[in-house]
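Enquirer: Based on what follows, work out the 3D shape:
(2 chains)
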Number of protein chains: 2
Amino acid sequence: METDEIIVHSSSHDYPIIIGEGIRYEVQSFLKKDYTSILIVTDEQVGKLYLRDVLSGLSTENVFHSIIPSGEKTKSIEYFYQLQTEAIRYGLDRESLMIALGGGVIGDLTGFVASTFMRGIDFVQIPTTILAHDSSVGGKVAINHQMGKNLIGSFYPPKSVIYDVETLRTLNQKEIRSGYAELIKEALISDEFTFRSFLKTNLLALSSEELQEHLRIGIQIKARIVESDEKESGIRKFLNLGHTLGHAIEAELGYGSLAHGEAVAIGLLFSLHVSEDLFSSNLPYQALFQWLQQNNYPLNFQYEDMQSIITKMKKDKKNVKNMIQMILLEEIGKPIVKEVTDQQVEHYLKSFVGKLVAK
Amino acid sequence: METDEIIVHSSSHDYPIIIGEGIRYEVQSFLKKDYTSILIVTDEQVGKLYLRDVLSGLSTENVFHSIIPSGEKTKSIEYFYQLQTEAIRYGLDRESLMIALGGGVIGDLTGFVASTFMRGIDFVQIPTTILAHDSSVGGKVAINHQMGKNLIGSFYPPKSVIYDVETLRTLNQKEIRSGYAELIKEALISDEFTFRSFLKTNLLALSSEELQEHLRIGIQIKARIVESDEKESGIRKFLNLGHTLGHAIEAELGYGSLAHGEAVAIGLLFSLHVSEDLFSSNLPYQALFQWLQQNNYPLNFQYEDMQSIITKMKKDKKNVKNMIQMILLEEIGKPIVKEVTDQQVEHYLKSFVGKLVAK
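Expert: Presented below is the predicted three-dimensional model:
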């Protein structure tokens, strides 16, 4: 299997996303300069599996690592400050590098620390989940505020992304589902052919070749979008398809009870539900619903407190003047942003839940 | 007296620095777009004097303010997070504006909050000290880490700087001294003529015209430097003249016992002391020493613990590979960066203190 390389153009610099098997052992060969020191940030779970492999391939003299607990709770102001402290203690300077070894949480947190440590030092991502393909393209880094996800952050692209698909073999089914929801989202935004071909995937029998191919396509779709709208003033908002409700569900149920992508999958279905009503009955609500069911996505979304979900949807950063901005599809490959009222959202949520329960 | 306008070019955008009398009443007229809401951040001391004036000139519908205690201690992770919380509570969105009304501390803190709130919203500075002319040009924003000053921050230029020299009339002599040290530094980096003309100033009898003129010149010098080296990889380091020792003295004595510029003034003298020895006996150590004395700068710098000061000098962000990088002058207007060993620094510190005590 060959190594793929996709170049992403950002306003500050271009950077490669390298996808291949076993490349976690060769990180040094992908670094573009000599760093005075390197700090690898990883979590307990990933660290146990892959830290040694990455360390074995680094010849820089001063290599340190910080291992933090696994899970979304480390995307906090406390861990942000703790990593700053460790970076200072290890003597990192402006010519040092931070490496994020792990999933989206590690990438977002480490990237935000790197973007602000001494006003910004280089960082490199080594994603170890499918989901992280999404967050590793586009330069968004952040931590959560207790009042909302990703509310404190920067736009700060990595110097490179080193994506070793071998590390994805240790993912469980929940993590695979979570990652594929974002791939499906990218396909829905892009074109019918890609969407239909992704729906042929059986997640229980996923091959490395298939996965690498889908990652390459998903990353390319995302890269082309963020390149033309780095700061999310226009079309980059389309990548939020499924996320307004997705984020609200995650917050409502408590982060972690559903994987991020599992919540997004419900959000994608909801977007198609609303889009079908507003634009066209030819949208693939039914096809997506069936695929999600076949691949064991949890779709038993019940609302205890509708008003609380709507309030959470209104906390989205994309909202302006307190109106919910939903991403919808006129057809596959034709996303649009639409402001909807609280009443409309409530109406659609009710009919959506009714439809899910009826199945 | 006329209003001056200096345009600063940054990699992300150009912005004007407007200097004039009474312009704090007309802030709305300097805003380039309609914001959904505005959050003014100020401290207790400045808020009492000027918040009402600024509010009176703002016609945007949603204007909020956060008043925090005065002093360097608010450049902390705690106040950073508190302001994020207030911004969320007030419902600020990506089309909102933050205004920093105050000195360097307020500017640095508010700018860093704005640079990271929802990954960055617009901010405008209304400096109310002479010292803040320095921090309001160049886009450096930051908070302190308990282990060092400005260790957590970004490069994030404001959308404009509105400099009302009327607000400088309420400054006390210590604040005036502090601000003039940075003006003298800019003159030393720039040229002999500017330096000599600044030394004609009697800080006890400073006119508004003289002050506005000196601010304009200082800002222009700084702007030209940061424009050609925004990210501090080269000549921007020259602006650090006097600061390696200055920062160490501040940290050693505890922030606040000397004003920032008072510590920098000692650092400037030290740079000239070292430069005279290394390059030329024609450097203006003596002229600067006399002017500082005449204008009541505290020069009774004693070291209790030389090793502790050297350790603190080594914490400077500009250092690479643990060597102290000092900014020195070959002649006025010809700054250079020089790596010095701990032994050299100790030797020069001893002879410097000896010279100060002897006077």
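Enquirer: Look at residue A:107 and tell me its secondary structure.
Expert: For residue A:107, the assignment made with DSSP: H, G, I helix; E, B strand; the rest coil gives helix.
Enquirer: just the strands in the stretch 1-150 of chain A please.
Expert: For the stretch 1-150 of chain A, applying DSSP state E, counting those that start in this stretch gives strands covering A:4-9, A:14-20, A:38-43, A:63-68, A:97-102, A:122-127, A:140-145, A:148-155.
Enquirer: ok, the fourth one: who's next to it in the sheet?
Expert: So that's strand A:63-68. strand A:38-43 (parallel) (DSSP bridges).
Enquirer: Chain B contacts on chain A?
Expert: A:11-12, A:36, A:77, A:81, A:84-85, A:88-89, A:91, A:93-95, A:115-120, A:140, A:142, A:145, A:147-148, A:150-155, A:231-232, A:317-322 (CB under 8 Å from any CB of the partner chain). The C-beta positions use only the backbone N, C-alpha and C, and glycine is treated the same way.
Enquirer: again, only using 7 Å
Expert: Residues of chain A lying close to chain B (CB under 7 Å from any CB of the partner chain) are A:36, A:77, A:81, A:84-85, A:88, A:91, A:93-95, A:115-120, A:140, A:142, A:145, A:147-148, A:151-155, A:317, A:319-322.
Enquirer: are any of those residues buried, and which?
Expert: Neighbour-count burial (16 or more other CB atoms under 10 Å in any protein chain shown) applied to those gives A:36, A:77, A:81, A:84, A:88, A:91, A:93-94, A:115-120, A:140, A:142, A:145, A:148, A:151-155, A:317, A:319.
Enquirer: Can I get stretch A:352-359 in PDB? Just the C-alpha atoms.
Expert: Provided in PDB are the C-alpha atoms of stretch A:352-359 (Å, rounded to 0.1, in the frame of the first residue of the first chain):
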ATOM      1  CA  PHE A 352     -38.000  13.900  13.400                       C
ATOM      2  CA  VAL A 353     -38.300  12.100  16.700                       C
ATOM      3  CA  GLY A 354     -41.700  10.800  15.700                       C
ATOM      4  CA  LYS A 355     -40.200   9.300  12.500                       C
ATOM      5  CA  LEU A 356     -37.300   7.700  14.400                       C
ATOM      6  CA  VAL A 357     -39.600   6.200  17.000                       C
ATOM      7  CA  ALA A 358     -42.000   4.900  14.400                       C
ATOM      8  CA  LYS A 359     -39.200   2.800  12.700                       C
END
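Enquirer: What average pLDDT does that stretch get?
Expert: Averaging pLDDT along stretch A:352-359 yields 84.
Enquirer: Just the buried positions in it, please.
Expert: Residues of stretch A:352-359 classed as buried by neighbour count (16+ other CB under 10 Å): A:352-353, A:356.
Enquirer: now stretch A:35-55
Expert: A:35-43, A:45-47, A:50-51, A:53-54.
Enquirer: Surely residue A:87 touches residue A:38?
Expert: No: the pair residue A:87 / residue A:38 is not scored as a contact, 10.9 Å apart, by CB atoms under 7 Å.
Enquirer: need the helices for the stretch 201-350 of chain A, in chain order.
Expert: A:208-228, A:243-253, A:260-278, A:285-294, A:306-313, A:342-358 (DSSP state H, counting those that start in this stretch).
Enquirer: tell me the angle the first one makes with strand A:148-155.
Expert: Going by axes from the mean of the first three to the mean of the last three CA atoms, to 10 degrees, helix A:208-228 is angled at 70 degrees with respect to strand A:148-155.
Enquirer: do the last one as well
Expert: The directions of helix A:342-358 and strand A:148-155 differ by 110 degrees, with the same axes, to 10 degrees as the criterion.
Enquirer: Just list what helix A:342-358 packs against, helices and strands only.
Expert: Here helix A:342-358 touches helix A:260-278, helix A:306-313, going by 3 or more CB pairs under 7 Å, 6 or more residues apart in numbering or on different chains; DSSP states H and E.
Enquirer: Same question for the third one.
Expert: Taking 3+ CB pairs under 7 Å, 6+ apart as contact, the helices and strands that helix A:260-278 lies on are helix A:173-190, helix A:243-253, helix A:285-294, strand A:324-331, helix A:342-358.
Enquirer: Let me see the confidence value for the residue located most distally from the centre of chain A.
Expert: The C-alpha centroid of chain A is most remote from residue A:61, which lies 32.3 Å away (CA atoms, centre = their mean). Predicted confidence (pLDDT) at residue A:61: the value is 90.
Enquirer: thinking again about what came up before, nearest approach to residue B:203 belongs to which of the helices and strands packed on helix A:342-358?
Expert: With CB to CB as the criterion, residue B:203 lies closest to helix A:306-313 of the helices and strands packed on helix A:342-358, at 55.8 Å.
Enquirer: What average pLDDT does that closest one get?
Expert: Rounded mean pLDDT across helix A:306-313 is 87.
Enquirer: That one vs helix A:243-253, what angle?
Expert: Going by the same axes, to 10 degrees, helix A:306-313 makes 120 degrees with helix A:243-253.
Enquirer: Going by neighbour count, which residues of helix A:306-313 are buried?
Expert: A:309-310, A:312-313.
Enquirer: and the two most separated of those residues?
Expert: A:310 and A:312 (7.3 Å).
Enquirer: that older thread, torsion angles phi and psi at the residue farthest from the centre of chain A?
Expert: phi -70, psi -50 (degrees, to the nearest 10).
Enquirer: which residues touch the nearest residue to it once chain neighbours are set aside?
Expert: Leaving out its chain neighbours, the residue that sits closest to residue A:61 by CB to CB, 6 or more residues apart in numbering or on different chains is residue A:37, at 7.5 Å. Neighbouring residues of residue A:37 by CB atoms under 7 Å, 6 or more residues apart in numbering or on different chains: A:62, A:64, A:90-92, A:96.
Enquirer: what's the closest of those residues to chain B?
Expert: Chain B lies nearest to residue A:91 out of these, by CB to the nearest CB, at 6.9 Å.
Enquirer: picking up where we left off before, save the buried residues of stretch A:352-359 as a markdown table, and put in distance to residue A:26 too.
Expert: Output for the buried residues of stretch A:352-359, formatted as a markdown table (distance: CB to CB, whole Å):
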| residue | distance to residue A:26 |
| --- | --- |
| A:352 | 47 |
| A:353 | 49 |
| A:356 | 46 |
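Enquirer: and residue A:341, how many neighbours?
Expert: Each residue near residue A:341 was counted by other CB atoms under 10 Å in any protein chain shown, and the total is 10.
Enquirer: just the one 4 residues further on next, same as before
Expert: By other CB under 10 Å, the residues close to residue A:345 number 22.
Enquirer: I'd guessed it sits against residue A:323; true?
Expert: No: look at residue A:345 against residue A:323 with CB under 7 Å: they stay out of range, at 10.3 Å.
Enquirer: What's the separation between the residue of the stretch 151-300 of chain A found nearest chain B and residue A:5?
Expert: Chain B sits closest to residue A:153 of the stretch 151-300 of chain A, with a gap of 4.7 Å, by CB to the nearest CB. Residue A:153 sits at a distance of 27 Å from residue A:5 (criterion: CB to CB, to the nearest Å).
Enquirer: and what of residue A:65?
Expert: Taken as CB to CB, the span from residue A:65 to residue A:5 is 26 Å.
Enquirer: higher neighbour count, the two?
Expert: Taking other CB under 10 Å, residue A:65 and residue A:5 do not tie; residue A:65 has more neighbours (17 against 13).
Enquirer: Quickly list what the more buried one is bridged to.
Expert: residue A:40.
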